[in-house]
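A.B. asks: Any chance you could fold what I've pasted below:
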Amino acid sequence: MTKASFSCMLWLSIIMAINASDPDPLQDFCVADITQANVKVNGFVCKDPKAVNASDFLFRGLGNPLLTNNTFGFNITQGNVQTLPGLNTLDISMNHGVFAPGGLNPPHIHPRASEIIFVMEGTLLVGFISTSNVLFSQKLEKGDAFVIPRGLVHFQQNVGTSYTTTITSLNS
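C.D. replies: Now for the predicted structure:
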């Protein structure tokens, strides 16, 4: 075997090994043990599976009323691993937002997450800026959804005359 063919075989073996890997979780779930919040490896430490119960997969707070009497006229309830330990390592979260008329969720980024926003009531102006400095913006009405790609600066603002409520989901 020549040195060139050996090198080719080695690279082929590496590529095949990479393609043969299993990126999916190796367990059904990893409910967060919030009591050990200072230890994190790809999420919180897993609770002992024998101590897991159905309430670890339940969060009743997304529908709670929210006050918007703050600087931005906006408030959010986060459905993340701190409020719903069963989300740990699943790479999803869900939020409930309320915007007063004129309310603003100011420009921000999610470095590791894409976002989808769904308008339940009201009118919302949403937008993001691409890495080429192009603004993609849309006025959303009840029932509309808009996707914001990962890591891009984005915002939302109520441009209607009544309150706007949203549900957002992020993949991180």
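A.B. asks: can I assume residue 138 is in contact with residue 126?
C.D. replies: Yes: when contacts are counted by Cβ atoms under 8 Å, residue 138 is listed as touching residue 126 (6.0 Å). Where C-beta positions appear, they are placed from N, C-alpha and C, glycine not excepted.
A.B. asks: which of those two has more neighbours?
C.D. replies: Between residue 138 and residue 126, counting by other Cβ atoms under 10 Å, residue 126 is the more crowded of the two (24 against 10).
A.B. asks: looking at it, the more buried one is touching residue 156, isn't it?
C.D. replies: Yes: counting by Cβ under 8 Å, residue 126 touches residue 156, with 4.9 Å between them.
A.B. asks: residues shared between the contacts of the two?
C.D. replies: Common contacts of residue 126 and residue 156, defined by Cβ atoms under 8 Å, 6 or more residues apart in numbering, comprise residue 117.
A.B. asks: hey, what's in contact with both of residue 138 and residue 126?
C.D. replies: Among the neighbours of residue 138, those also in contact with residue 126 (Cβ under 8 Å, 6+ apart) are residue 146.
A.B. asks: what about stretch 163-172, average pLDDT?
C.D. replies: If you average the pLDDT over stretch 163-172, you get 94.
A.B. asks: List the buried residues of that stretch.
C.D. replies: Within stretch 163-172, the residues that qualify as buried by neighbour count (16 or more other Cβ atoms under 10 Å) are 163-170.
A.B. asks: what's the span of stretch 148-156, first residue to last?
C.D. replies: 11 Å (Cα to Cα, to the nearest Å).
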